[in-house]
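Visitor: Predicted structure and sequence below. I'll ask about it afterward.
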Amino acid sequence: MKATMQEGKEMNKTGQSDELLTVHEVARHLRVDDTTVRRWIKSGALEAVTLPHRGKRRGYRVRKMTLDTLLNNSTMPA
């Protein structure tokens, strides 16, 4: 159940933003290639939402909260 809408971003019941980032945006934040982010997602090292797709490449979105947690941890996915 969602609590409120604030500036176009949904807030979950803990009050944190459920903003979704593209693979490219995550790669830019982490200073890695898009392919690396996709590899982390496919291996399970990075949690992501899989979008409906047609074609060869799946679409993914990563919650900003997940990226923030990753950046605050001392260990990075391999």
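Guide: Okay, I see it.
Visitor: can you map out the helices along this structure?
Guide: With DSSP state H as the definition, the chain shows helices at residue ranges 23-30, 34-43, 64-72.
Visitor: Quick check: buried residues in the last one?
Guide: So that's helix 64-72. Within helix 64-72, the residues scored as buried using 16 or more other Cβ atoms under 10 Å are 64, 66-67, 70. The way it works is simple: take the backbone N, C-alpha and C, and place the C-beta from them, glycine included.
Visitor: and what of the second one?
Guide: Along helix 34-43, the positions that meet the burial threshold by neighbour count (16+ other Cβ under 10 Å) are 36-38, 40-41.
Visitor: and the gap between the residue nearest to the spatial centre of the chain and Leu30?
Guide: A centroid search over the chain (Cα atoms, centre = their mean) returns Val62, at 1.2 Å, as the residue closest to the centre. As defined by Cβ to Cβ, to the nearest Å, Val62 lies at a distance of 10 Å from Leu30.
Visitor: Kindly report the same for Arg63.
Guide: Relative to Leu30, and taking Cβ to Cβ, Arg63 is found at 15 Å.
Visitor: OK, contacts around Ala48?
Guide: 41, 60-62, 66 (Cβ atoms under 8 Å, 6 or more residues apart in numbering).
Visitor: Pick out the most distant pair among these.
Guide: Of all pairs drawn from the contacts of Ala48, the widest gap by Cβ to Cβ lies between Tyr60 and Thr66 and measures 11.3 Å.
Visitor: for this protein, what are the low-confidence residue spans?
Guide: In the prediction, the chain carries residues with pLDDT under 70 at positions 1-17, 74-78.
Visitor: And for it, the residue most distant from the center?
Guide: Distance from the centre of the chain peaks at Gly55, with 21.3 Å (Cα atoms, centre = their mean).
Visitor: Distance of the nearest residue to Tyr60 once chain neighbours are set aside relative to Val23?
Guide: With Cβ to Cβ, 6 or more residues apart in numbering as the criterion, Tyr60 has its nearest non-adjacent residue at 4.3 Å, and that residue is Ala48. For Ala48, the distance to Val23 equals 8 Å [Cβ to Cβ].
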